[in-house]
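S.K.: how would this look folded up:
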Amino acid sequence: MNDRTGSIRRLSLALAMMLAVASAVFGFTGTTRAHAAASGFVQRCGIHFCVGSQATYFAGANSYDLFTYGSGSGDTETQYMDKAAIDAQMANMAADGVTVVRTWMFDHESWHGFEPAKNTMNDQQWAEFDYILYSAAQHGLRVIPTLENYWTAYGGVNTVLGWEGASTSNSGNFFNPSLCAGCLADYEFYVNYAVNRVNHYTGVAYKNDPTIFSWELMNEPRYQNETTAENTAGTVFRQWEDTVGAYIKNLDPNHMIDNGIEGQASSYGYGSDNGVPYVHECQSSYIDFCTAHIYPTESWANLSTSATQSLISAYANDAHATVGKPFFLGEFNTSTSTRATYWPAIYSTLESTNSDADAFWWYENSAKDGNYGVMHGDAVLSVFTAHSNADKAKSGTGTGTGTVTVTNPGSQTSTVGTAASVQIHAADSASGTLSYTATGLPAGLAISAATGLISGTPTTAGTSSVTVTATDSTGPSDSAVFTWTVNPGGTGSPCSATYHVDNQWGYGFTATVTVTNTGTVATKGWKVSWTWAGNQQVSNMWNANGVQSGTGVTATNMAYNNVIAPGGNTSFGFQAGFSGTNPTPTLTCTVS
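M.R.: Alright, predicted model coming up:
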């Protein structure tokens, strides 16, 4: 939900303070509860979720403000957090059939702030989130922690932009290293802390806790109106998504990742193109399932029930058939007066499309939001409970009666800049419909969910461990693991470098080198090298990492200028000394 939650947040603060004065829960509670979370991690099995070998569907709710329960000051265990309120909320949600809850795990403000200042963590707040995970597990709920906010509620990415001295005129600047050089490092610092944190109630690191359903990269990220082309291309956000996705998967191979996008696009007839196209962003090999948020009765949307059903069907079909991944309707709701009509239509469509998880906005613990808030005891929750029961009835269906066998294609070798393909073959004894997925593919390659053909043009040299999976629509699956080596291929992807002497005096000079991406894909890094014909010696270099050995010079990108869009360029400069002549060197440029 966007920053309309700001006013709700202020009301939450007031209510939380009053509740903290009225009641506190002393010490760590050891109350016996009726439920316990399943022991296994939720994983992606083809186009559906599974726990172990069992297909599993999830009916959920957003309860974004759980982290604000308590006064936000005083003793951690008895005042800062309100354990009784957290437990009551979990118990009510579980009683109504909620099996997964999406909630905020971000706040850069002082009250209940996780990170109120750059790289400064508030252990009291993280201790409260420890309890949220503990209580969720005790009540049989999975949790989707959202790591950051695109909107300004609770600080959001604009706070981080401010820390880095970058422009806050467009929150999308956060995703572009040329507009905010330090933002990626700030995000990764936060992620590293969160993933590796050890819950002080359970002794289990977050990365090893199956209570966590997935890591959500951000609430409703956009890269909107930075450029007209990027509104529909989505390359800048995809680069960021791939980078942080790889970072998280390296830290935590147990949990899934989702990107938290809304799915708005002119092609869907819903909202506007905002730089994070639904299919393209979900096709990242680091994203495990597709997400969308819909608010059909908002004035800018104005969708009928039938149009809403068509929209959900389009999202689900694109997730399952085009991308080959599960579909999660991460947020939705309608105005109070229309829910009796819209909710049955929405849930019936989720069921008929065999969608995988959903979470309405939002399950509140007191009357904070008269527009979208839903409380325990509200009549409309009977519709939700029926849907949850339907999900539970079709969960735990096992792996079907057939057997899927994937033929290992063996080790693959290709070259940067040269098209490559390999057909994955699989047999299905049940003669069902197979869908294909792959993880670990070299950059530039993708697999067709429908045919199993891996194709594309590799952009980065290196060796990858690739896992391909074929899944029958009834559940059975099989995988094969193989290596794929991408060789540099001479000069790598196309680029050029030009050299210009800016100023020269008797014994020295300054020069600028411009690096241009002449290829068709964005660079991930670049290198320029040359050999002096004379006795030139570089004494200083800026906007590049420079090394001179003998007469040879090598300059490589900095962390903030590694990405060059197709047709784009970046420059670096240096100062050097010399005696005699100063001939212009021949430059060699390579990119990855």
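
S.K.: residue contacts, Glu262?
M.R.: Glu220, Arg222, Gly271, Asn274, Val276, Ala292, His293, Glu331 (Cβ atoms under 8 Å, 6 or more residues apart in numbering). All C-beta atoms are positioned from the backbone trio N, CA, C, and that covers glycine.

S.K.: burial of the third one, as a residue count?
M.R.: Spelled out, it's Gly271. Residues lying near Gly271 (other Cβ atoms under 10 Å) number 17.

S.K.: ok so, going back, just the contacts of Glu262: which are in strands?
M.R.: Under the assignment DSSP state E, the contacts of Glu262 contribute Ala292, His293, Glu331 to strands.

S.K.: Could you verify my assumption that Tyr187 touches Val244?
M.R.: Yes. With contacts counted by Cβ atoms under 8 Å, Tyr187 reaches Val244, the gap being 6.2 Å.

S.K.: so where is the protein shaky, pLDDT-wise?
M.R.: Across the chain, the ranges flagged by pLDDT under 70 are 1-39, 397-402, 429-432, 474-475, 489-493.

S.K.: can you list the domain ranges for it.
M.R.: 5-394, 404-487, 495-591 (automatic domain parsing).

S.K.: Kindly check the end-to-end length of the shortest one for me.
M.R.: Spelled out, it's domain 404-487. 33 Å (Cα to Cα, to the nearest Å).

S.K.: where do the helices sit along this protein?
M.R.: 5-22, 83-96, 123-138, 156-163, 183-196, 228-233, 235-251, 278-282, 305-317, 339-352, 381-394 (DSSP state H).

S.K.: Show me what the residue nearest to Val204 when sequence neighbours are not counted is bridged to.
M.R.: Counting by Cβ to Cβ, 6 or more residues apart in numbering, Val204 lies nearest to Val198, which is 7.0 Å off, once chain neighbours are set aside. Beta bridges link Val198 to Ala205 when assigned by DSSP bridges.

S.K.: and if you look at Asp358?
M.R.: Assigned bridge partners for Asp358, using DSSP bridges, are Ala59, Leu329.

S.K.: Could you give the number of residues near it?
M.R.: Asp358, neighbours per other Cβ under 10 Å, totals 26.

S.K.: Tell me if I'm right that it and Leu350 touch.
M.R.: Yes. With contact defined as Cβ under 8 Å, Asp358 and Leu350 form a contacting pair (5.6 Å).

S.K.: Now for these two: what residues contact both?
M.R.: Common neighbours of Asp358 and Leu350 (Cβ under 8 Å, 6+ apart) are Leu329, His387.

S.K.: Pick the most deeply packed of the domains of the chain.
M.R.: With neighbours taken as mean count of other Cβ atoms under 10 Å, the domains of the chain reach their highest mean count in domain 5-394, at a mean of 20.

S.K.: roughly how far is that one from the heart of the chain?
M.R.: Distance of domain 5-394 from the chain centroid (Cα atoms, centre = their mean, to the nearest Å) equals 11 Å.

S.K.: which residues does Asn582 contact?
M.R.: Asn582 touches Val501, Gln504, Phe509, Gly534, Gln536, counting by Cβ under 8 Å, 6+ apart.

S.K.: I meant Ala88, not that one.
M.R.: Asn365.

S.K.: With Tyr295 instead?
M.R.: Tyr295 touches Ala301, Glu331, Phe332, Asn333, Thr334, Trp361, counting by Cβ under 8 Å, 6+ apart.

S.K.: Next: Thr322.
M.R.: Contact analysis of Thr322 by Cβ under 8 Å, 6+ apart lists Val279, Ala449.

S.K.: For Glu351, see how far away it is.
M.R.: As judged by Cβ to Cβ, to the nearest Å, Thr322 and Glu351 stand 21 Å apart.

S.K.: How about Ala345?
M.R.: Counting by Cβ to Cβ - Ala345 and Glu351 are separated by 11 Å.

S.K.: Out of the helices of the chain, which is closest to Gly70?
M.R.: helix 5-22 (5.8 Å; Cβ to Cβ).

S.K.: check contacts around the closest residue to Val383 other than its chain neighbours.
M.R.: The shortest distance from Val383 to any non-neighbouring residue, by Cβ to Cβ, 6+ apart, is to Trp343 (4.6 Å). By Cβ under 8 Å, 6+ apart, the residues touching Trp343 are Thr334, Phe360, Val380, Val383, Phe384.

S.K.: for these, which one is nearest Asn557?
M.R.: The closest of the contacts of Trp343 to Asn557 turns out to be Phe360 (Cβ to Cβ; 45.0 Å).
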